[in-house]
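A.B. asks: Sequence isn't available, so here's the structure alone:
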DNA sequence: GTCTATACGAAGATAGAC
DNA sequence: GTCTATCTTCGTATAGAC
């Protein structure tokens, strides 16, 4: 197998395992056995575990950008973009009920470890934050755009954490509905919206 | 030093360290050096690390019950009780910005570790959930009491996680104000509330 | 009750053969 | 590039002296 392919396999497996079991709890042996290589082979591609973490965060940033781009391409309006964000909680609910949000849980773990990579992991939040703010600004909420983006991010984090703790999928559905109702109330130009 | 006192010191130190650095990342050596005993002395009081975790959760449950009781004693109404809950995010904001919520972050870590103690840690959420629901029921929101309690819990979790990731204390203040405004809108009998 | 000394295993990291 | 073998450190846990 080529070096590029193996390296990609390592990062893909590490990405999943860091999400499902945490960064610290994931050993090289776990990643190695998941993709069928030896532990020793690791160090040809990465010198330290921190380098793998950095590659995982970089991969997540790239994939998140692609996801946000696809939402913009595939939906007709900023309002639909915001609904796509809320829908992510439903689409990923099986894993969220088991492991929470991959971004939030990683940031929390790195914060407790006082790990230098926390800043890079937080970029994932910043990416969502600025994209969401852009959508709200498009909807005429320019002055409040960032606060509204943070509020929506906050709610997604709360739903993910509580769903993982209580293992309750009905809760996710109810809160996503409430989130969409809140979004409707924030979109002054949306059709069918009751005027305040 | 007496056995009871030493045992209490161990649990107190473990409680703090599990919160600040995580359960797995905290070694016996860390707890031992924090309270000035030897590692070996540990096993006179606890046989395994899991036993310490159990004692920590039990301690947190007891202290949470005391906290909720004190809120009921010291405030005049169910509405004030709910405001006390929201105020907890302000009172503990320094630590929340560094480590998130002690309940949510512990549950997330135990979920990823597939640890048996997750159920016990979740009891902490259940304790808050039922107490909050009781307050909402007192305010005449009986049919929605549990959903309202879950919504408030959800928001507290979202605020704590995002505050820890972004290390932003202004964000906590803004979201707590929004939380209080939401609470006002949920209290039909509260004085000064604008009627919908 | 608390200590020192130590056994044991797990995990990150390295060396060198193929 | 990938492997096996090995080094080293660390962390849980145990044994036994004081």
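C.D. replies: Perfect, I can see it now. In this text the structure is predicted, and so the values were computed from the model without any measurement.
A.B. asks: Could you state which residue of chain A sits nearest its centroid?
C.D. replies: What sits nearest the mean C-alpha location of chain A, by C-alpha atoms, centre = their mean, is residue A:103, with 4.6 Å.
A.B. asks: check which helix or strand covers that residue.
C.D. replies: Per DSSP states H and E, residue A:103 falls inside helix A:102-112.
A.B. asks: Provide the contact partners of that helix at residue level.
C.D. replies: A:18-19, A:22-24, A:57, A:60, A:99, A:115, A:117-118, A:121-122, A:124-125, A:128, A:157, A:160-161, B:20-22, B:25, B:98-100, B:105, B:108-109, B:112, B:161-162, B:164-165 (C-beta atoms under 8 Å, 6 or more residues apart in numbering or on different chains). Where you see a C-beta, it was placed from the backbone N, CA and C, and this is true even at glycine.
A.B. asks: Now, those that are in strands?
C.D. replies: Using DSSP state E, the subset of those located in strands is empty.
A.B. asks: Buried ones among these?
C.D. replies: A:18-19, A:22-24, A:57, A:60, A:99, A:115, A:117-118, A:121-122, A:124-125, A:128, A:157, A:160-161, B:20-22, B:25, B:99-100, B:105, B:108-109, B:112, B:161-162, B:164-165 (16 or more other C-beta atoms under 10 Å in any protein chain shown).
A.B. asks: From DNA strand C, how far off is the residue of chain A found nearest chain B?
C.D. replies: Here chain A gets closest to chain B at one residue, residue A:158, 3.0 Å apart by C-beta to the nearest C-beta. Taking C-beta to the nearest atom of the strand, to the nearest Å as the measure, residue A:158 falls 31 Å from DNA strand C.
A.B. asks: Quick one: residues contacting that residue.
C.D. replies: Contacts of residue A:158 by C-beta under 8 Å, 6+ apart are A:175, B:153-159, B:161.
A.B. asks: Show me what from chain A comes close to DNA strand C.
C.D. replies: Neighbours of DNA strand C within chain A, by C-beta under 7 Å from any atom of the strand: A:26-29, A:39-40, A:42-43, A:47-50.
A.B. asks: Mark out where each domain of chain A begins and ends.
C.D. replies: A:1-47, A:57-186 (automatic domain parsing).
A.B. asks: Give me the distance between the two termini of the first one.
C.D. replies: To tie it back to what came earlier, the one meant is domain A:1-47. Start and end residues of domain A:1-47 are separated by 20 Å (C-alpha to C-alpha, to the nearest Å).
A.B. asks: ok, the helix or strand hosting residue A:177 near chain B or not?
C.D. replies: Element membership for residue A:177 (DSSP H and E) is helix A:169-186. Yes - using C-beta under 8 Å from any C-beta of the partner chain, we find that helix A:169-186 touches chain B at A:171, A:174-175, A:178.
A.B. asks: Lowest-confidence member of the residues of chain A next to DNA strand C, which is it?
C.D. replies: Minimum pLDDT for the residues of chain A next to DNA strand C is recorded at residue A:42 (91).
A.B. asks: just checking, that residue touches residue A:28?
C.D. replies: Yes - between residue A:42 and residue A:28 there is a contact under C-beta atoms under 8 Å: 5.5 Å.
A.B. asks: ok, back up a step: please narrow the contacts of helix A:102-112 to those residing in helices.
C.D. replies: Cross-referencing the contacts of helix A:102-112 against helices under DSSP state H gives A:18-19, A:57, A:60, A:99, A:118, A:121-122, A:124-125, A:128, A:157, A:160-161, B:20-21, B:98-99, B:105, B:108-109, B:112, B:161-162, B:164-165.
A.B. asks: and the gap between residue A:80 and residue A:150?
C.D. replies: 21 Å (C-beta to C-beta, to the nearest Å).
A.B. asks: neighbour count winner among these two?
C.D. replies: residue A:150 (23 against 15; other C-beta atoms under 10 Å in any protein chain shown).
A.B. asks: which phi and psi does that one have?
C.D. replies: Main-chain dihedrals, residue A:150, degrees, to the nearest 10: phi -60, psi -40.
A.B. asks: if I look at it, how far off is residue B:162?
C.D. replies: Relative to residue B:162, residue A:150 is positioned 7 Å away (C-beta to C-beta).
A.B. asks: any common contacting residues for these two?
C.D. replies: With C-beta under 8 Å, 6+ apart as the test, residue A:150 and residue B:162 both reach residue B:171.
A.B. asks: Closest residue of chain A to DNA strand D?
C.D. replies: The minimum distance from chain A to DNA strand D, using C-beta to the nearest atom of the strand, falls at residue A:40 (2.0 Å).
A.B. asks: quick one: the closest residue to residue A:49 other than its chain neighbours and residue A:21, what's the gap?
C.D. replies: Distances taken as C-beta to C-beta, 6 or more residues apart in numbering or on different chains place residue A:28 nearest to residue A:49, at 7.2 Å, with adjacent residues excluded. According to C-beta to C-beta, residue A:28 and residue A:21 sit 13 Å apart.
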